[in-house]
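> coords below, sequence missing:
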């Protein structure tokens, strides 16, 4: 009986975990690509990402003078409702029209080492909304 009780508890824990994962996942009006990485994963180890990647995030800062902006994790933004609460971020260099603060994006580009750390050199933006 004790084994059965723990089996039920384990099953409930798995269900709860799945529910939380779905609840914290992408819930925007416009879904992004299935393979897009979250900002926290990329920011945790930017040197691990080689070649072209897609990163999904929310714009927290824009700097027109040097054609850059900063992405934060969508889940953190949704949890705190402001762009200043994120603990991790990914700086993006982009030669096209810059996005607006609070805009949700998927950026396609490559992580490149720079004197100030790693930067995502964006080649394409997919604008998902605000």
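Cool, got the structure. Because the structure is predicted, anything quoted here is derived from the model rather than measured.

> tell me the contacts of residue 39?
55-57, 71-74, 86, 88-90 (Cβ atoms under 8 Å, 6 or more residues apart in numbering). In this view, the C-beta of every residue, glycine as well, is placed from N, C-alpha and C.

> And it, its phi and psi?
phi -60, psi -40 (degrees, to the nearest 10).

> do the same with residue 34
phi -60, psi -30.

> From residue 51, how far off is it?
18 Å (Cβ to Cβ, to the nearest Å).

> about what we covered before: now, the contacts of residue 39 that are in helices?
Judged by DSSP state H, the contacts of residue 39 include residue 74 as members of helices.

> Reformat the contacts of residue 39 into JSON lines and put distance to residue 128 next to each item.
Output for these, formatted as JSON lines (distance: Cβ to Cβ, whole Å):
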{"residue": "55", "distance to residue 128": "12"}
{"residue": "56", "distance to residue 128": "8"}
{"residue": "57", "distance to residue 128": "10"}
{"residue": "71", "distance to residue 128": "12"}
{"residue": "72", "distance to residue 128": "14"}
{"residue": "73", "distance to residue 128": "14"}
{"residue": "74", "distance to residue 128": "9"}
{"residue": "86", "distance to residue 128": "17"}
{"residue": "88", "distance to residue 128": "20"}
{"residue": "89", "distance to residue 128": "18"}
{"residue": "90", "distance to residue 128": "16"}
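
> among the contacts of residue 39, who's most crowded?
residue 57 (33 neighbours; other Cβ atoms under 10 Å).
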